[in-house]
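> show me how the following folds:
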Amino acid sequence: MNIFVFGAGYTAQQFIGTYRQYFERIGGTFRSDRKAEALRAAGIVPSFFDGERYDPAILAEIGRADALLVAIPPAFGSDPVLRSLLDAITSAPRLRWIGYLSTVGVYGDVAGAWVDENTSLSPVNERSRHRIAAEGQWLDLGKDAAFSVQIFRLAGIYGPGRNALLKLAEGTAQRLIKPGQVFNRIHTADIAQVLMASIDRPNRNAVYNVADDEPSPPQDVVTYAAHLLGLEPPAEVPFATADLSPMARSFYQDNKRVRNTRIKSELGVKLLYPTYREGLEALHADGEGVRALAAKVGREA
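Purely as a prediction, here's the structure:
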């Protein structure tokens, strides 16, 4: 099986790294020379694509692909892959599966209530409205195509190199307090197994929430990570007065609990890390945060 990835970043590379043995050829897009070299080093054939311009060689990559993974955000209110390469995708002779990575942000704010894939979409920011438009474009394409299209709405992503343990070790973690606020999260290893299960069981125009079992206050995650590292957790900071970028602050506009029943019932997925606790424990066992703390102590000695 051959796979081509639009947007071969953190999440996509975690998936490829986990299931590399299932693919004969892996291609992916880049926008900088540095990224191209990183892809080559990871065994991924690089092709230039910046959302508008592309290397003509990408057409051959699409033509030989059995699966496409799309991890590029929308731009200008539409999906850049479809805007530039629709004809190549619709005429690809081997293609049978397309996965589009979206976000649970499309549900908007429901004041902490539960949502599932049938919940009405009510985004609170322009970024999520563009996601809904892109989802619709892919689902429209998948209605009558020879291949199946699947949408994966991801919760807050964490994993190796991107987690609360490292933020604590680096001194950047904050224990933000916004009463009643909860988030779901998802470990990259569980995203990977959901995607592979879907490739094995394509389901035309299926939409899946990819989230853990326990929506939790964000400060609880930081507190547990501090416990694992043997550190005092950072002082609590009221959300209203926290020093956050506009992007970071915007994530707190959404408050919801995300049901993940469909990935279990339709794809047979059993989460490796059903809550943040199991995920952080596994990362800690692999040395996440510990090495960074040791290096910090060494620099300060």
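
> so how far is residue 223 from residue 12?
Residue 12 sits at a distance of 31 Å from residue 223 (criterion: CB to CB, to the nearest Å). Yep, even glycine has a C-beta here, placed from its N, CA and C like the rest.

> okay, those two: which has more neighbours?
More neighbours surround residue 12 than the other of residue 12 and residue 223, with 27 against 17 (other CB atoms under 10 Å).

> so what's the more buried one up against?
5, 28, 69, 71, 101 (CB atoms under 8 Å, 6 or more residues apart in numbering).

> please apply the same query to residue 282.
Counting by CB under 8 Å, 6+ apart, residue 282 touches 272-273.

> tell me where the stretch 1-150 of the chain has helices.
Here the stretch 1-150 of the chain has its helices, by DSSP state H, counting those that start in this stretch, at 10-19, 33-41, 57-64, 80-90, 126-142.

> format the contacts of residue 12 as JSON lines; extra columns: pLDDT.
Shown next, in JSON lines, are the contacts of residue 12 (pLDDT from 0 to 100):
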{"residue": "5", "pLDDT": "98"}
{"residue": "28", "pLDDT": "97"}
{"residue": "69", "pLDDT": "98"}
{"residue": "71", "pLDDT": "97"}
{"residue": "101", "pLDDT": "98"}
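
> point out where the stretch 151-300 of the chain drops to low pLDDT.
Residue ranges of the stretch 151-300 of the chain with pLDDT under 70: 295-300.

> let me see the ranges of the strands in it.
For the stretch 151-300 of the chain, applying DSSP state E, counting those that start in this stretch gives strands covering 156-158, 175-177, 185-187, 206-210, 236-238, 257-258.

> save those as TSV, and put in mean neighbour count too.
What follows is these, written out as TSV (neighbours: other CB atoms under 10 Å):
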stretch	mean neighbour count
strand 156-158	19
strand 175-177	18
strand 185-187	27
strand 206-210	23
strand 236-238	12
strand 257-258	21
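
> out of those, which is closest to residue 285?
Smallest distance to residue 285 across the strands of the stretch 151-300 of the chain (CB to CB): 13.4 Å, for strand 185-187.

> what pairs with the closest one, parallel or antiparallel?
Strands adjacent to strand 185-187 in the sheet, as given by DSSP bridges, are strand 156-158 (parallel).

> show me the contact partners of the partner strand.
Residues outside strand 156-158 that contact it (CB under 8 Å, 6+ apart): 10-11, 164, 183-188, 191, 276, 279.

> from those residues, keep the buried residues only.
Buried members of those, counted by 16 or more other CB atoms under 10 Å: 11, 164, 183-188, 191, 276, 279.

> among those, which one sits closest to residue 252?
Distance to residue 252, by CB to CB, is smallest for residue 183 among the buried ones among the contacts of strand 156-158, at 8.9 Å.

> mind listing what the closest one touches?
Going by CB under 8 Å, 6+ apart, residue 183 touches 155-156, 215-218, 251.

> let's have these in JSON lines, adding distance to residue 109.
Converted to JSON lines, the contacts of residue 183 look like this (distance: CB to CB, whole Å):
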{"residue": "155", "distance to residue 109": "15"}
{"residue": "156", "distance to residue 109": "15"}
{"residue": "215", "distance to residue 109": "14"}
{"residue": "216", "distance to residue 109": "17"}
{"residue": "217", "distance to residue 109": "16"}
{"residue": "218", "distance to residue 109": "15"}
{"residue": "251", "distance to residue 109": "11"}
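
> tell me which of those fall in helices.
Judged by DSSP state H, those include 218, 251 as members of helices.

> what's the PyMOL syntax to select whichever of the contacts of residue 183 are buried?
The following PyMOL line selects those of the contacts of residue 183 that are buried, judged by 16+ other CB under 10 Å:
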select buried, resi 155+156+215+216+217+218
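
> return the member of the contacts of residue 183 nearest to residue 78.
Closest to residue 78, out of all of the contacts of residue 183 and judged by CB to CB, is residue 251, at 23.2 Å.

> picking up where we left off before, between the helices of the stretch 1-150 of the chain, which one is closest to residue 171.
Closest of those to residue 171 is helix 10-19, at 21.8 Å (criterion: CB to CB).

> tabulate the CA atom coordinates of that closest one in PDB.
Listed next in PDB are the C-alpha coordinates belonging to helix 10-19 (Å, rounded to 0.1, in the frame of the first residue of the first chain):
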ATOM      1  CA  TYR A  10       3.900  16.200  14.000                       C
ATOM      2  CA  THR A  11       0.700  14.200  14.100                       C
ATOM      3  CA  ALA A  12       1.100  12.700  10.600                       C
ATOM      4  CA  GLN A  13       4.700  11.700  11.300                       C
ATOM      5  CA  GLN A  14       3.700  10.000  14.600                       C
ATOM      6  CA  PHE A  15       1.200   7.900  12.500                       C
ATOM      7  CA  ILE A  16       3.800   7.100   9.800                       C
ATOM      8  CA  GLY A  17       6.400   6.200  12.400                       C
ATOM      9  CA  THR A  18       4.000   3.800  14.100                       C
ATOM     10  CA  TYR A  19       2.700   2.000  11.000                       C
END
